[in-house]
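S.K.: No letters, just coordinates:
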């Protein structure tokens, strides 16, 4: 009797590459014939969708419109988040006085006050006031675009570029997911059938900033890049800087995809049909409001869960002294030479290292570090924040380098865990850590070198 | 309990498959817009005319021959776990794309019901579907439903019952390929049948062999080995 292996060999001898095409072709043809016979469409086709598509996916206008949309989403987020952010910060700050009184009244020792209020309370409320408003705006706006059916058009527009980079067109969709959360986007790469192209999507997903990094990017950009402007113009400049960064991240995505598909992940992109669904009016409450609220809430809870222990840890490290400096200062000093090379400093690198569990906490940790006592000032005014940073030698170049590092560096802990779960490979998980890290070191190295060589700083 | 019949739900993403699953079983479960959101296979149960049915909500996929995790899960369930009935859920507003998957399922298994969902939305758009013609040309029952508004459920449940009680028989009309492929299939098919009598449809396996589906080969090797080990005790997973 013949075994399976024998049968396989026999079939392989008879098979040809055209066979798959023929099989798929026949199935499509039969579907078409069945529909022609059994399904009657109304005379008038969906002209509206076609007309809109002619504009949104046009070779000339497609890209500018996409950029405009992206810019509009960011602008609305940045401009809209300012006021609620400072209101929240004021609110949390105003609670601190009563809290302190309560601690005094209960005769609670200073160090417990330090851990709980200066560490835990300030750390987590800072994360909430910086993160919640942008998320509460970004998610619904993004969900609106998604629900109207614009995202498949983005995939359509980007398809050719991804293909020429050797990747799958659907990678644009997983990339879009990455704007929300890289960890979730890694799961969403399941929509890509070919393992090779799926791996490309996983390895490069990190190059779009997730909402954990939006806070850092928006804040630094408005503090240092748009500092000479006021009002609406300030938001505009901030938006432009952010768009520039996002575009840079996307370029890196293409570049890394292209290099990988020519080296470690060789192959030709597979074909797929992308159906553009008709534009639909979204169900505002169900899909937009509710999903955004639950999403914001989930992301926030995660941030708080990670921020709380990190804040406590940072406070403790900032208050335990070895010799005449705290543990925090020792670590920062150790990292400082390397940090300087990248146009950053030791505290910034330390914040990124401690921020591995979640990008949301990088900036709070950095501030705690700078204030050397390991606690945060009342996160009140932006001017105060800028003062702290400037006192530690920050220039626009430091801010730019930190933004670049944040954009390009290794994925957060949750994302890495998901990558391992999805790829079941330690090697590729490590690559997902290594590739961005190397790029995140090289790019600031170059900007710093260039800025110094040209005498910009 | 061993007298539960198993019904697998297959379909493209966004066809309201999970909505139908929820409506039939009453089990609360999240339904999503993103392709492949229903990744882990959800199960629920249903009673009808004294029979007990287990419903399995397979991941939504656009096809069943590729290598994505979702497609493999769905395909393996249909061909290896052999549900008593496979319910293919189609979106009435995009029949052409959806029928593709239905045709693939018809190659894999015999007892198939084609369930055209979102029929109310389609009719609102002026789309008219002749389900009797489709039933004739496909050889299996084609039923129009709206999972959202629970339209067409009595007919669907009745059809399930009549297939189980053998009051009606499904005879899927195979997709015929060009002469060259058909000739190769006819040469391979008897050998496949000989190799694994109770295995998946021999025509389908032959097609996949010609297609060079290595993943399926590995899966078959694994399953055949397992079957030899416990020939007698295999009931179902």
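M.R.: Yes, it's here. Here the structure is a predicted model, which is why all the values come from computation and not from measurement. Numbering: from 1, shown residues only, chains lettered A, B, ... in the order given.
S.K.: So what touches whichever strand or helix holds residue A:389?
M.R.: Element membership for residue A:389 (DSSP states H and E) is helix A:382-391. With CB atoms under 8 Å, 6 or more residues apart in numbering or on different chains as the test, helix A:382-391 has contacts from A:86, A:219, A:222-224, A:227, A:367, A:370-371, A:377, A:379, A:398-399. C-beta: built from backbone N, CA, C; applies to glycine.
S.K.: and that helix, which residues are buried?
M.R.: The neighbour-count check on helix A:382-391 (16 or more other CB atoms under 10 Å in any protein chain shown) flags A:385-386, A:389 as buried.
S.K.: what two of the contacts of helix A:382-391 are the furthest from one another?
M.R.: The most widely separated members of those, counting by CB to CB, are A:86 and A:398 (23.7 Å).
S.K.: When the two are compared, which one has more neighbours?
M.R.: residue A:398 (24 against 17; other CB atoms under 10 Å in any protein chain shown).
S.K.: Return the angle between stretch directions for the one helix or strand the more buried one maps to and helix A:382-391.
M.R.: Assigned by DSSP H and E, residue A:398 falls within helix A:396-408. On the basis of axes from the mean of the first three to the mean of the last three CA atoms, to 10 degrees, helix A:396-408 is oriented at 100 degrees to helix A:382-391.
S.K.: just checking, what packs against helix A:396-408?
M.R.: Helix A:396-408 sits against helix A:211-220, helix A:231-262, helix A:346-354, helix A:426-453, with contacts defined as 3 or more CB pairs under 8 Å, 6 or more residues apart in numbering or on different chains; DSSP states H and E.
S.K.: helix or strand right after it?
M.R.: Next helix or strand after helix A:396-408 toward the C-terminus (DSSP H and E): helix A:413-423.
S.K.: What about whatever residue of chain A ends up closest to chain B, how many residues nearby?
M.R.: Per CB to the nearest CB, residue A:42 is where chain A lies closest to chain B, at 3.1 Å. Per other CB under 10 Å, the neighbour tally for residue A:42 reads 10.
S.K.: residues touching it, list them.
M.R.: If you count contacts by CB under 8 Å, 6+ apart, residue A:42 has them with B:125-127.
S.K.: Residue A:308 too?
M.R.: Here residue A:308 is in contact with A:120, A:123-124 (CB under 8 Å, 6+ apart).
S.K.: That one - that's part of a strand, no?
M.R.: No. Residue A:308 is assigned helix when assessed by DSSP: H, G, I helix; E, B strand; the rest coil, not a strand.
S.K.: Might you report the residue contacts of residue B:48?
M.R.: For residue B:48, the contact set (CB under 8 Å, 6+ apart) comprises B:157, B:160-161.
S.K.: Around residue A:232, how many other residues sit close by?
M.R.: Burial of residue A:232 is recorded as 10 neighbouring residues (other CB under 10 Å).
S.K.: List the single closest residue to it in space, sequence neighbours excluded.
M.R.: Nearest non-adjacent residue to residue A:232, counting by CB to CB, 6 or more residues apart in numbering or on different chains: residue A:79, 7.1 Å away.
S.K.: Same check on residue B:120?
M.R.: Nearest residue to residue B:120, sequence neighbours excluded (CB to CB, 6+ apart): residue B:146, at 4.5 Å.
S.K.: if I pick the closest residue to residue A:187 other than its chain neighbours, what's in contact with it?
M.R.: Ranked by CB to CB, 6+ apart and with sequence neighbours excluded, the top spatial neighbour of residue A:187 is residue A:418, at 6.1 Å. Residue A:418 is in contact with A:183, A:186-187, counting by CB under 8 Å, 6+ apart.
S.K.: Top of the residues you listed by number of neighbours, please.
M.R.: Comparing the contacts of residue A:418 on neighbour count, residue A:186 comes out first with 30 neighbours (neighbours: other CB under 10 Å).
S.K.: Double-check it against residue A:203; I have them as touching.
M.R.: No. Here residue A:186 lies out of contact with residue A:203, judged by CB atoms under 8 Å, at a distance of 9.8 Å.
S.K.: State whether residue B:43 is indeed within a strand.
M.R.: Yes. Counting by three-state DSSP, residue B:43 is found in a strand.
S.K.: Would you mind stating the distance between it and chain A?
M.R.: 20 Å (CB to the nearest CB, to the nearest Å).
S.K.: Give me the three-state assignment for the residue nearest to that residue when sequence neighbours are not counted.
M.R.: Leaving aside its chain neighbours, residue B:43 sits nearest to residue B:56 (5.5 Å; criterion: CB to CB, 6+ apart). Secondary structure, three-state DSSP: residue B:56 is strand.
S.K.: Pick out the residue closest to the middle of chain A.
M.R.: Centroid-nearest residue in chain A, with CA atoms, centre = their mean: residue A:210, separated by 1.7 Å.
S.K.: residue ranges with poor pLDDT in chain A?
M.R.: Along chain A, the model assigns pLDDT under 70 to residues A:1-2, A:44-46, A:271-275, A:286-287, A:299, A:303, A:372-382, A:457.
S.K.: Strands of that one, start to end?
M.R.: In chain A, the strands defined using DSSP state E lie at A:39-40, A:321-322, A:325-326.
S.K.: Same list, those, but as CSV with mean neighbour count and distance to residue B:104 please.
M.R.: Formatted as CSV, the strands of chain A follow (neighbours: other CB atoms under 10 Å in any protein chain shown; distance: least, CB to CB, whole Å):
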stretch, mean neighbour count, distance to residue B:104
strand A:39-40, 16, 19
strand A:321-322, 10, 67
strand A:325-326, 16, 65
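S.K.: What is the neighbour count of residue 120?
M.R.: No chain specified, so I'll use chain A. 19.
S.K.: Actually, chain B is the one I wanted.
M.R.: Residues near residue B:120, counting by other CB under 10 Å, number 16.
S.K.: Same check on residue A:340?
M.R.: 14.
S.K.: before we move on, back to that, cross the contacts of residue A:42 against helices and list the overlap.
M.R.: Among the contacts of residue A:42, no member is found in helices (DSSP state H).
S.K.: Go through the residues you listed and flag which are in strands.
M.R.: Counting by DSSP E, no part of those is found in strands.
S.K.: Could you name the specific helix or strand carrying the nearest residue to residue B:176 once chain neighbours are set aside?
M.R.: Nearest non-adjacent residue to residue B:176, counting by CB to CB, 6+ apart: residue B:182, 6.7 Å away. For residue B:182, the host element (DSSP H and E) is helix B:179-195.
S.K.: other SSEs contacting that helix?
M.R.: Under the contact criterion of 3+ CB pairs under 8 Å, 6+ apart, helix B:179-195 touches helix A:4-14, helix A:17-38, helix B:202-211.
S.K.: So which of the ones you listed is the most surrounded?
M.R.: Compared across the helices and strands packed on helix B:179-195, helix B:202-211 shows the largest average neighbour count, a mean of 23 (mean count of other CB atoms under 10 Å in any protein chain shown).
S.K.: Quick one: list the elements packing against it.
M.R.: helix A:4-14, helix A:17-38, helix B:95-108, helix B:179-195, helix B:214-229.
S.K.: Take the ones you listed and lay them out in JSON lines including distance to residue A:266.
M.R.: Formatted as JSON lines, the helices and strands packed on helix B:202-211 follow (distance: least, CB to CB, whole Å):
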{"stretch": "helix A:4-14", "distance to residue A:266": "22"}
{"stretch": "helix A:17-38", "distance to residue A:266": "17"}
{"stretch": "helix B:95-108", "distance to residue A:266": "29"}
{"stretch": "helix B:179-195", "distance to residue A:266": "30"}
{"stretch": "helix B:214-229", "distance to residue A:266": "18"}
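S.K.: domain ranges for chain B?
M.R.: Under automatic domain parsing, the residue ranges defining each domain of chain B are B:4-164, B:179-229.
S.K.: Pick the most buried one from those domains.
M.R.: With neighbours defined as mean count of other CB under 10 Å, these peak in mean count at domain B:4-164, which reaches a mean of 20.
S.K.: distance between that one and the chain's centre?
M.R.: In terms of CA atoms, centre = their mean, to the nearest Å, the centre of domain B:4-164 is set 7 Å apart from its chain centre.
S.K.: what residues does the stretch 51-200 of chain A put near chain B?
M.R.: Neighbours of chain B within the stretch 51-200 of chain A, by CB under 8 Å from any CB of the partner chain: A:146-147, A:177, A:187-188, A:190-195, A:198.
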